[in-house]
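> take this sequence and fold it.
(one chain, ligands or ions: 1)
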Amino acid sequence: NIHLIEKPPQEHDALIATLPLEPVYERPFSIGHPLRLYKRVWMGEKMLRGTLVMQQCFKSRPTDIFLASFPKSGTTWLKAMIFSQCAPFMEVEFATGRMMNTHLPYFLLPDSITESSCRIVYVWRDPKDVLVSMWYFVQKILGGPDKIVTFYQFYEFFCQGVDTFGPIWNHILEYWEESRRRPEKILFLKYENILQEPVKYAKQLAHFIGCPFLEMEENQRVVEQIAELCSIKKLKDFNVNKDGDRVTSSMDVHISKGYFFRKCEAGDWKNHMTQEMVERLDTLIKEKFKGSGLQI
Ligand code: A3P
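Residues are numbered from 1 along each chain as shown. Coordinates of the predicted model:
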């Protein structure tokens, strides 16, 4: 609601114009908008403007569920799971609660989200697979493998943290630490674990968002059916998710919904990185995660 915005967006634009700009000439593959460094996060200008407005005026409801993630970590999948679990209760939930997703780091969420009793589901993934997934995604948007950027260049920027919502390690760590402090507020899930045991995590998710499965539903294998419905095989084939159905993203580029479904595997990085690249990125992440109790 525009009337809720206290400061006109021009003031945000003035602030944004003063922020460090990514080295665009060295990184010629930004999608839509160049990245700016705001506090300690790299973000596209348009998303940053939206974030600043949201911090001023967004009001959460106690029943809201936020799905938070670093891009390419399984957002689409979790969104489908949460949606199919809430669906039977939509007429109730719609009166009070909503499901929204965000790639914002924890520290940039509006106070209304962090300080209220609404809940956050966070999904993370091995950063090496995030990188590979992101590379394919960018290639699809920009048109054609290796035309704009090689995988190695992409890797270099990822390791430097110059990446939309990067660096990835801060993103994961901040949600992890907050989830340990407030487990009732943040459910912290790992993509690879859900791949291995989708039914177990579908149950955990349902419980966390306040729509636990009834014993009768479990006996009727409803959880298995939901896991199956949200599997890549099924999601990919829904007409709405096929190529040709295009959405305009917040980055001012057209992104086909089909781009959000690719291999859905753990470990595709093995097909893209040399041993040296793997070791360097693993060492970097291990160093960043040191002492946190978190492991790739
Ligand atoms: P890959 O490119 O490695 O296949 P996001 O939704 O956050 O953009 O993440 C996209 C990644 O999640 C892609 O990974 C995509 O294939 C995978 N994905 C999408 N739907 C999925 C599903 N139903 N099950 C498992 N993975 C899924």
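> tell me the helix or strand right after the helix or strand of the chain with the lowest mean pLDDT.
Taking mean pLDDT, DSSP states H and E as the measure, strand 246-248 is the helix or strand of the chain with the lowest mean score, a mean of 55. Proceeding N to C from strand 246-248, the next assigned helix or strand is strand 254-256, under DSSP states H and E.
> is any part of that next one close to the ligand?
No. Legend: contact between strand 254-256 and the ligand by C-beta under 6 Å from any ligand atom is lacking; minimum distance shown is 9.9 Å. Heads up, the C-betas are built off the backbone N, CA and C, glycines and all.
> report the beta-bridge partner residues of Met124.
Quick fix: residue 124 is Trp, not Met. In this entry, Trp124 is beta-bridged to Lys190, by DSSP bridges.
> thought it was touching Ser69?
Yes. The pair Trp124 and Ser69 qualifies as a contact (C-beta atoms under 8 Å) at a distance of 7.0 Å.
> so for the two, which residue has more residues nearby?
For the pair Trp124 and Ser69, the greater number of neighbours falls to Ser69 (27 against 24), based on other C-beta atoms under 10 Å.
> and the helices in this structure?
Secondary structure of the chain by DSSP state H: the helices cover 9-17, 45-57, 75-86, 90-96, 111-114, 127-142, 151-160, 168-181, 191-196, 198-208, 215-219, 222-229, 232-237, 275-289.
> closest to Asp64 out of those?
When the helices of the chain are compared by C-beta to C-beta, helix 111-114 sits nearest Asp64, at 7.7 Å.
> residue numbers of the chain in contact with the ligand?
By C-beta under 6 Å from any ligand atom, the part of the chain that sits against the ligand consists of 69, 71-77, 129, 133, 136, 230-232, 235, 260-264, 268.
> for the chain, which spans come out with low pLDDT?
Along the chain, segments meeting pLDDT under 70 span 1-8, 24-32, 87-97, 144-148, 240, 242-253.
> need the helices of the chain in TSV (columns: mean neighbour count).
Putting the helices of the chain into TSV (neighbours: other C-beta atoms under 10 Å) gives the following:
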stretch	mean neighbour count
helix 9-17	13
helix 45-57	18
helix 75-86	21
helix 90-96	11
helix 111-114	16
helix 127-142	21
helix 151-160	18
helix 168-181	19
helix 191-196	17
helix 198-208	18
helix 215-219	11
helix 222-229	17
helix 232-237	14
helix 275-289	14
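> I'd like these as JSON lines, with distance to Tyr38 appended.
Conversion of those to JSON lines gives the following (distance: least, C-beta to C-beta, whole Å):
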{"stretch": "helix 9-17", "distance to Tyr38": "8"}
{"stretch": "helix 45-57", "distance to Tyr38": "6"}
{"stretch": "helix 75-86", "distance to Tyr38": "21"}
{"stretch": "helix 90-96", "distance to Tyr38": "32"}
{"stretch": "helix 111-114", "distance to Tyr38": "17"}
{"stretch": "helix 127-142", "distance to Tyr38": "20"}
{"stretch": "helix 151-160", "distance to Tyr38": "17"}
{"stretch": "helix 168-181", "distance to Tyr38": "13"}
{"stretch": "helix 191-196", "distance to Tyr38": "26"}
{"stretch": "helix 198-208", "distance to Tyr38": "30"}
{"stretch": "helix 215-219", "distance to Tyr38": "44"}
{"stretch": "helix 222-229", "distance to Tyr38": "38"}
{"stretch": "helix 232-237", "distance to Tyr38": "33"}
{"stretch": "helix 275-289", "distance to Tyr38": "20"}
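> and of these, who's closest to Pro105?
Each of these was scored for nearness to Pro105 using C-beta to C-beta, and the closest is helix 168-181 (5.0 Å).
> and the contacts of that closest one?
Where contact means C-beta atoms under 8 Å, 6 or more residues apart in numbering, the residues beyond helix 168-181 that reach it are 40-41, 68, 70, 105-107, 120, 122, 124, 127, 130, 158, 161, 165, 185-188, 284-285, 288-289, 292-294.
> same thing but at 6 Å, please
Taking C-beta atoms under 6 Å, 6 or more residues apart in numbering as the criterion, the residues outside helix 168-181 that touch it are Phe70, Pro105, Tyr106, Tyr122, Trp124, Pro127, Ile186, Phe188, Ile285, Lys288, Ser292, Leu294.
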